[in-house]
Structure formats: structure tokens, C-alpha cells
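Q: sequence first, then the predicted structure:
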Amino acid sequence: MDEFGIIAKYFAPLAGEGAFGLTDDAALLKSRPGQELVITTDSIAEGVDFFGFDPPHTIAQKALRVNLSDLAAKGAEPAFYLLNLTLPATVTPDWLAGFADGLARDQKQFGISLLGGDTSATDGPLSVAVTAFGFVPEGGMVKRSGARIGDDVYVTGSIGDSGGGLAIFRREIHTLGDDERDALIARYRVPEPPLEFSALLRDIAHASVDVSDGLIADLGHIARASSVRIVVEGESVPLSPPLLKLWGESAVKRAVTAGDDYQVAFTGPPGLEGSFTRIGQVVAGEGVAMTLKGGEIQLPKAGYRHF
Ligand code: ADP
Ligand code: MG
């Protein structure tokens, strides 16, 4: 099957309004009065962000969701996406069907549709690039730059599970039961971006970031953009039971630099715990520090870096 056959068979059924069934050169986006578009892109590559043996539907879901977490962090409601595929020439119809099924499931879950993309072949590894579009009311996007001295720092979900899943794939020795192991691997393969909080974040968050490279590294982006210092209280970082079992004593230190969480970290006024976990505070100064048992600790690295 050539690229046009692939597009027509697997991707045209996913096309949304304005995409012309993926039969034109471009899509047409209707603007919405009183709203602004938030646009973000992220790509994932075989051997870096997923394994070639991962199920195709989870590869598709990860490609989408690493973008949806950016929209969640910015307070946006997801609407559309573009999909750029670089496929090994050996890709099979079964693989493509599974991949398209993963997209279809997430389109339904998150209320998004496909606007277009590009498809090309490669001798190298598979990569999937998504560009996602979401709407916010005018002026509503939550930036990295709004943190204020005196804010508390919060995070959604739990941190480090995905890193735990990756460690298991890398054959780290463990005593987890099958369910515990599978829960961590599931978080590595299919992130759970906290889109249910998009609208609320617009109202309460002063600054926000999605946690992709590691909690400490990503809070560093807020600290820099806002010209403040962030102090994370290690004991407060939310860790799941299987992760605690996997990493024991070193769980916090590893979790806050592991990356691939796709949760949202933000700053805002005190008193927001409940839906979120309060993990620290914003003070005068620069950079990010973490305390454990009252003392500042040194971390070997803040997060994942590609280069
Ligand atoms: P061009 O010749 O301009 O590169 P293409 O033949 O690549 O155009 O694309 C034809 C149509 O199919 C366009 O609407 C494009 O957006 C869509 N398309 C191509 N690849 C994909 C893909 N992987 N996912 C979704 N839409 C795609
Ligand atoms: Mg093209």
C-alpha cells in the first residue's frame, strides 16, 4: 500500500470538520469568537520514547498524549491535531490498524479530531510527531512566567511511575507483583494527561508547566521564566505504592528526575490541596531545590536531556 492508500484507509476516517476527509492540500480552521488557539508540538521516537515492540495503539496514544499534557498545563481545551509519521517501509497493515485504533480511542476520550499531516518512509526508526491545537478564552492561557513569591507549588497525579516502568523494561531487579509491574509499564506507555483540570487551572494557577523531562527540570522552567526560586519538599511529592515498592528509599530522588510523567506542575495561592498535591513553595531567588528531612539535598541531574 502506498502513502495515499494508507492515508485513505487508516487516517481519513479520523478526519474532523475542516479536514476535507484528508483529500486537500490543507485544512481550514474556523476561529471561535472570544477564544484563542494554543498550539503545541512534540514528537516521539522509537528507542527513545517508546519501544519498537510496544503495541501500536499505545504508541499512537503516547504520541497524542504527550501533546495533550501541554494543552492541559496551558489551561486549554483540546480540539484538533496534525500527525506527521515517519514509518519504516516494513510497517504492516495490522500495525497501521492498531495505530489508527489508538488514535480513534483517544479522539473519543478527549474530544479531538485529526486535521491532516504527512506520511513518509524511512530506513531508520519509527517516529511520530503530533501538533495539537486547543482553545482558551482570550487571555486565559497559563504561562510559565506567572509564579509569585509566596505561591505554593502543586502537582497533579503521581510522579515517577513512568520512570519506574522504563526501569523495569531496562531489567531493573524488582519484587513487584504482575499488577504492580503492569501499572508502572502502563504509565510509561500511555500517559494520563490531567485534562479534567484545564478549565480550573485557568482560574487558579499563576504559572504552569507539563512534567515531561523531570519534575525538578520542569519546575526549573517556571523558576527561570518567573525569576523566582522553587523549593520542593521531598516528603510531599506524591508517589504511587508500586513505585515506592520498586525504588524504596531512593524513590523520591529518582522520581523527581525521571521524566515522562505528563502530569502538570503549577504554582498558585495556598489552600488548593485536595484535587492536587502541594509539594513546595515559591520564594525569592533562582533555581529549584529539594529538601528531605529539613535539609537541602543534591540531585545528580534535574531531568532527562536529549543532547
Ligand atoms: P502533500 O503532497 O502536500 O505532501 P499529502 O499527499 O502528504 O500532501 O497529503 C494529502 C492529505 O493527506 C493532506 O490533507 C494531509 O494533511 C493528509 N495526510 C497525509 N499524511 C497524513 C497523516 N499521517 N495523518 C493525517 N493526515 C495526513
Ligand atoms: Mg505530504
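A: Happy to help now that I have it. Ligands and ions are numbered 1, 2, ... in the order given.
Q: pick out the residue of the stretch 1-150 of the chain closest to ligand 1.
A: Residue of the stretch 1-150 of the chain nearest ligand 1, by CB to the nearest ligand atom: residue 116 (2.5 Å). Any C-beta I mention is one placed from the backbone N, CA and C, and that applies to glycine too.
Q: elements contacting the strand or helix carrying that residue?
A: Using DSSP states H and E, residue 116 falls within strand 113-122. Packing partners of strand 113-122 (3 or more CB pairs under 8 Å, 6 or more residues apart in numbering; DSSP states H and E): helix 3-6, strand 77-88, helix 93-110.
Q: can I get the last one in PDB, CA atoms only?
A: Think helix 93-110. C-alpha atoms of helix 93-110 as PDB (Å, rounded to 0.1, in the frame of the first residue of the first chain):
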ATOM      1  CA  PRO A  93      -1.400  -3.300   7.800                       C
ATOM      2  CA  ASP A  94      -2.000  -4.800  11.200                       C
ATOM      3  CA  TRP A  95       0.300  -2.300  12.800                       C
ATOM      4  CA  LEU A  96      -1.300   0.600  11.000                       C
ATOM      5  CA  ALA A  97      -4.800  -0.700  12.000                       C
ATOM      6  CA  GLY A  98      -3.700  -0.900  15.600                       C
ATOM      7  CA  PHE A  99      -2.100   2.600  15.500                       C
ATOM      8  CA  ALA A 100      -5.300   4.100  13.900                       C
ATOM      9  CA  ASP A 101      -7.400   2.400  16.600                       C
ATOM     10  CA  GLY A 102      -5.300   4.000  19.300                       C
ATOM     11  CA  LEU A 103      -5.900   7.400  17.700                       C
ATOM     12  CA  ALA A 104      -9.600   6.700  17.400                       C
ATOM     13  CA  ARG A 105      -9.900   5.800  21.100                       C
ATOM     14  CA  ASP A 106      -8.200   8.900  22.200                       C
ATOM     15  CA  GLN A 107     -10.100  11.100  19.800                       C
ATOM     16  CA  LYS A 108     -13.300   9.900  21.500                       C
ATOM     17  CA  GLN A 109     -11.900  10.200  25.000                       C
ATOM     18  CA  PHE A 110     -10.500  13.700  24.600                       C
END
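Q: what packs against that helix?
A: helix 56-73, strand 113-122.
Q: how distant is the last one from the center of its chain?
A: To tie it back to what came earlier, the one meant is strand 113-122. 20 Å (CA atoms, centre = their mean, to the nearest Å).
Q: coming back round to it: for residue 86, which of the helices and strands packed on helix 93-110 is the nearest?
A: Closest to residue 86 of the helices and strands packed on helix 93-110 is strand 113-122 (CB to CB; 4.8 Å).
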